[in-house]
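No letters, just coordinates:
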C-alpha cells in the first residue's frame, strides 16, 4: 500500500456537499446571516460612523428613534449609541476571533502532544489541563486582566488562556481514537516521521469536532469580554458592548434602553455563533448529515 | 454656603424638606430602623485609625467621641463636657462626662481617655493632627490635660476631637494587646447608645438598645440594623420594598432620587455632610515631562469643561471646583483665587506659548489614570481624555480597579494625570494641606501628596496655618494657601459633588450632624 493510497482512503476534510448540508440546516443559515450582517456592520463602522464612537456628541439620554442624528439615542454621557454598537461589534468580533485562535492553538498543541506521545507527557499535560480547568473561568480572566491591565490584547490573551482546556481534551480524545488505526499503522510501516504522521495524517481527521468547539469558543470569548467590561475592567479606550451594559445598569429604571440595546446585540451575536456552531457540527458529521 | 442653600440644590425633589428637620413634636420611643450607605461591608466593625466610611459608620454607634460637630457648625459635648484652652494654647484641659459606663458595666474614666490618646490617637489614628502633642495626663477621674510643644488653635483641636478617627476605646479591653488586631474590634464595647448584638457577615449588623445610656431616654429606637447591598440599583429596590429606611452617602443612582421622592414615601437631603465634602480631583505628576510645568497645567485646565462634568456626570448635583478648600466650607472658603474657565482657544494658545505647538502625532502624549472606585470617575476619565484630545494631545486612559488605582497613583506614581477623590473636613489642616506640602509625600500612603509637589513657600504657609491660634489670622492664611494652590495647580478639585441621604418619610433627625454617617444616632426616631 503506498502513501498516496493511504491518503486516498481518508475521508477528505472539505467534502463536497458540506455547504449544502450546512444550508439545509435552517437555523444555522439564520445564524450565519445574522453573523454576516454583524460582521458587515463591524467592517463598515469606520465609514458609517467616522468619528471616535466614544465622543460626546449630544445631549445625554436621548431616547432611541427621537432624533434622526442619533437613531438609537445617546447614553448617559451623550455618546451616540448606534456608533458605539457598530464599533463595539468590531471589538467583540476581534476579541472573539483572536481569543478563539489562541485557545485553539494552545488546545490542539497540548491535546495532540498528550495523546501522541502518551505516558508521562500525557500525564503531565493532562494534570496541567486539569489545573486550568478547576479555576473558575471568569475569576481567572479577571485576575489576569487586573494584573496585566485592561487592554484589548490582555483580555484576548486572558480569554484564550482559560478557553483552551476543552479543546485540548477533545483533541486528545480524537487523536487517541485515530492513533492506532490501520492507516496510521501503515504510515508507521512506511517509515514516516512521527511528527509528520501527526500533522499530516491524524490532525486533519481529528479537526472537525475541534472546529465546532472553536466556533463556540468565539461566543464564549465574546461573553467573557462583555463580563470583564461590564465589571468596568475592560479597555476604556475602546467602545465595548459589555461596558455599555455595565454603565447603563444603574439607569435601568429610568433609561433602560442604554443597557438593553447592547444586551440585545450581545445576545444576537452569541446566539448566531451558537447556531452556526450547531450547523457546522451537523455538516461536519457525516453520520448526522444523512438524517 | 449655608445649609439652607445647600438644600436648595435638591429643591425640586425635596421642597417639603426645606424646613429644618428638628423635633417640633416630642420624639417617640420605640420602633426599628434599617440603614445602609452607598458602599460595602466593613473589614471589621471598628478599624482603629481608619478603614474608610464603612467601619466609621458601624463603630460610631458603639464607640463615642469627646465632641460632635453639628450640621450648623457647632460643637456639641458628647463624652467631654468642656474643653478649656490655656491662654498660650499650649495646654488644654478636657472635662469628662460623669456617670458614664462601658457596655460591660465598667465606669468610663480619665484613664480610658489617656490610654486612647497615648496608645491609639498619637501613634495610629491622629498622628499628623496631634504632631505637637507632648503629653496627656489624667487630672482626677473626670479630667484630662493635654500639653503641646507648640500652640494649637482651639478650632483645630475641637475638630480633631470630633473627627472621624477620634473614637474613645476602653482601656481595660485594649491594654497590653495589639489595638489593630484585637478581636474586640469585631464586637466593639463602648459607651454609645447601641450595643452590638450580632454581625452576620455578608448581610447586616444588628444593634440592641443600650438601656443604661448616659443620655437618659435615648436612644429613641429599640433596634437598629445596618445592612449592605452591593449595587445602587438594588438599594433603590430595597427602599421601595420597605426593606430599607435610611441610606447615607449616595445610596441610589442619582436619577433614582427624583423617582423615589416623587412617590411621596421618601425624602432626600444633602445635609449631614458638612465635614465630609466630596470632590473629584485632577492631579498632575510633577515627576513627568510637560505636566510638571505650571503653564501647561493651567492651559490644560482651561481645556476642561467642569460645568459639563457637574451637569452630565453628576446629574447637576455638583459644582465646578474653585479651590482645594471647598465652597461649602463656611469658615475657610475664599473665592478670591485664580480661576480657569472653560476656553479651549485660550488653552491652545497657552500651549503654543509654552512651546508645545500643534503638530503631526499631537502636541505630546500622556497617560491618564482614573481611579476606578466610583462609576463617575470612569466617565470623568473618558470626558477628560476627549477634552485633552481636542487640544491635540494624545491620551491613553486607564481605569484600574480600586487596589490597582491606589497602587498606581499613590505607591508607584505611575501616571501623568490622575483623577481621584477626597473628602474635605471643615478644618483644612492636615487633610487638605497634606496634598500640597512636602511632608505629605509619603510613598504608599493613600490620599496624600502623590504628585511630588514641593514648594518651600507652600510649606511655610501651611506650617504657619497649623500653629496660628487667632481665628481671623487663620482665615487669611487659608486664603493664601488656596491662592498658591490654585496658581501652582499640582492637584485641584475638578468638581465638588453633593452627597445625599435618602430616608423614609417619618424618620426624624437623620441629617442633623456635620458627618451624619459617623454619629451615634441616639436621637433618631420614627413618627408613629
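Looks like it arrived, so ask away. Here the structure is a predicted model, which means the values were calculated and not measured. Numbering: from 1, shown residues only, chains lettered A, B, ... in the order given.

And whichever residue of chain A sits closest to chain B, how close does it get to residue B:198?
Proximity of chain A to chain B (CB to the nearest CB) peaks at residue A:250, 3.9 Å away. Bear in mind the C-beta positions are built from the backbone N, C-alpha and C, glycine included. According to CB to CB, to the nearest Å, residue A:250 and residue B:198 sit 31 Å apart.

how about the residues of chain A that lie near chain B?
Residues of chain A lying close to chain B (CB under 8 Å from any CB of the partner chain) are A:52, A:54-56, A:60, A:76-78, A:146, A:149-150, A:232-233, A:236-237, A:247, A:249-255.

out of these, which are buried?
Neighbour counting over the residues of chain A next to chain B (16 or more other CB atoms under 10 Å in any protein chain shown) leaves A:52, A:54-56, A:60, A:76-78, A:146, A:149-150, A:232-233, A:236-237, A:247, A:249-253, A:255 as the buried ones.

Would you pull up the residue in chain B closest to chain A?
Nearest residue of chain B to chain A (CB to the nearest CB) works out as residue B:253 at 3.9 Å.

which ones are touching that residue?
Shown in contact with residue B:253 (CB atoms under 8 Å, 6 or more residues apart in numbering or on different chains): A:250, A:251, B:232, B:233, B:236.

pLDDT and distance to residue B:397 added to those, as a markdown table?
Listed next are these as a markdown table, based on pLDDT from 0 to 100; distance: CB to CB, whole Å:
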| residue | pLDDT | distance to residue B:397 |
| --- | --- | --- |
| A:250 | 81 | 21 |
| A:251 | 84 | 22 |
| B:232 | 86 | 23 |
| B:233 | 86 | 25 |
| B:236 | 92 | 29 |
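
If I look at residue A:168, what pLDDT would I see?
On pLDDT, residue A:168 comes in at 93.

I'd like to know how many residues surround it.
If you count neighbours by other CB atoms under 10 Å in any protein chain shown, residue A:168 ends up with 28.

give me every residue that touches it.
Shown in contact with residue A:168 (CB under 8 Å, 6+ apart): A:106, A:107, A:108, A:110, A:111, A:114, A:125, A:129.

surely the last one meets residue A:106?
No: counting by CB atoms under 8 Å, no contact exists between residue A:129 and residue A:106, whose distance comes to 10.1 Å.

Please say which of those two ends up with more neighbours.
Using other CB under 10 Å as the criterion, residue A:129 and residue A:106 rank with residue A:129 on top: 21 against 18.

so of the buried ones among the residues of chain A next to chain B, which ones are in helices?
Of those, the ones assigned to helices by DSSP state H are A:146, A:247.

quick revisit: what sits closest to the residue of chain A closest to chain B if chain neighbours are left out?
Excluding its sequence neighbours, the residue lying closest to residue A:250 (CB to CB, 6 or more residues apart in numbering or on different chains) is residue B:253, at 3.9 Å.

What residues does chain B have near chain A?
Counting by CB under 8 Å from any CB, chain B comes close to chain A at B:231-233, B:236, B:253, B:255-256, B:259, B:312-313, B:370, B:372, B:375, B:378-379, B:381-383, B:385-386, B:389, B:396-401, B:403-404.

Where does the prediction get shaky in the chain?
Using chain A here. Within chain A, the ranges that satisfy pLDDT under 70 run A:1-16, A:286-291.

Oops, wrong one, chain B.
For chain B, residues meeting the criterion pLDDT under 70 lie at B:1-24.

okay, which residue of it is out on the far edge from center?
Within chain B, the residue lying farthest from the chain centre (CA atoms, centre = their mean) is residue B:360, at 44.3 Å.

Quick check: that one vs residue B:189, distance?
Between residue B:360 and residue B:189 the computed distance is 68 Å (CB to CB).

again, but for residue B:350
With CB to CB as the criterion, residue B:350 and residue B:189 are 59 Å apart.

and if you look at residue B:395?
52 Å.

Then residue A:139?
Using CB to CB, residue A:139 is found at 38 Å from residue B:189.

Now the longest helix belonging to chain B: buried residues?
Ranked by residue count under DSSP H, the longest helix found in chain B is helix B:471-488. Residues B:474, B:477, B:478, B:479, B:480, B:481, B:482, B:483, B:484, B:485, B:486, B:488 are the ones in helix B:471-488 that count as buried (16+ other CB under 10 Å).

Kindly report the same for stretch A:124-139.
For stretch A:124-139, by 16+ other CB under 10 Å, it's A:125, A:126, A:129, A:132, A:137.

can you check stretch B:307-317 too?
Here stretch B:307-317 shows B:308, B:309, B:310, B:311, B:312, B:313, B:314, B:315, B:317 as buried, counting by 16+ other CB under 10 Å.

May I have the residues that are in contact with the first one?
Residue B:308 sits next to B:342, B:383 when contact means CB under 8 Å, 6+ apart.

Go ahead and measure how far the helix or strand where residue A:195 lies is from the middle of the chain.
Taking DSSP states H and E as the definition, one finds residue A:195 inside helix A:194-196. Centre-to-centre, helix A:194-196 and its host chain are 29 Å apart (CA atoms, centre = their mean, to the nearest Å).

which other helices and strands contact that helix?
With contacts defined as 3 or more CB pairs under 8 Å, 6 or more residues apart in numbering or on different chains; DSSP states H and E, helix A:194-196 has no helix or strand neighbours.

Now tell me what touches it from outside.
Helix A:194-196 has contacts (CB under 8 Å, 6+ apart) with residue A:116.

Show the subsequent helix or strand relative to it.
Next helix or strand after helix A:194-196 toward the C-terminus (DSSP H and E): helix A:203-230.

And the buried residues of stretch B:307-317, which is closest to residue A:211?
For the buried residues of stretch B:307-317, the residue nearest residue A:211 by CB to CB is residue B:313; the value is 46.2 Å.

from what I can see that closest one touches residue B:378, true?
No: in this structure, residue B:313 is not within contact of residue B:378 by CB under 8 Å, at 9.3 Å.

Strands of the stretch 301-450 of chain B, residue ranges please.
Ranges of strands in the stretch 301-450 of chain B, per DSSP state E, counting those that start in this stretch, are B:318-320, B:365-370, B:394-398, B:417-424.

The following helix or strand past the last one to helix B:471-488, inter-axis angle?
What that stands for is strand B:417-424. Per DSSP H and E, strand B:417-424 leads on to helix B:456-467 as the next helix or strand towards the C-terminus. Angle, helix B:456-467 to helix B:471-488, by axes from the mean of the first three to the mean of the last three CA atoms, to 10 degrees: 150 degrees.

chain center to helix B:456-467, what's the gap?
Between the centre of helix B:456-467 and the centre of its chain there are 23 Å (CA atoms, centre = their mean).

Walking through chain A, point out its helices one by one.
Going by DSSP H, chain A shows helices at A:3-9, A:18-24, A:26-48, A:81-117, A:119-134, A:137-148, A:152-179, A:182-190, A:194-196, A:203-230, A:241-248, A:257-284, A:286-289.

so which of those helices is the most packed in?
Highest mean neighbour count among the helices of chain A (mean count of other CB atoms under 10 Å in any protein chain shown): helix A:241-248, with a mean of 25.

give the contact list for residue B:511.
Residues counted as contacts of residue B:511 (CB under 8 Å, 6+ apart) are B:21, B:71, B:269, B:271, B:272, B:501, B:503.

nearest residue to the second one other than its sequence neighbours?
Right, residue B:71. Leaving aside its sequence neighbours, residue B:71 sits nearest to residue B:271 (CB to CB, 6+ apart; 5.1 Å).

distance of that neighbour from residue B:25?
20 Å.

and those two? which has more neighbours close in?
Of the pair residue B:271 and residue B:25, residue B:271 is the one with more neighbours under other CB under 10 Å, namely 24 against 9.

That one in helix, strand or coil?
The three-state label given to residue B:271 by DSSP: H, G, I helix; E, B strand; the rest coil is coil.

Residue B:72 is in contact with that one, correct?
No: using CB under 8 Å, residue B:271 is not in contact with residue B:72; the gap is 9.3 Å.

rewinding a little: which of the buried residues of stretch B:307-317 fall within helices?
Using DSSP H, these in helices are residue B:308.
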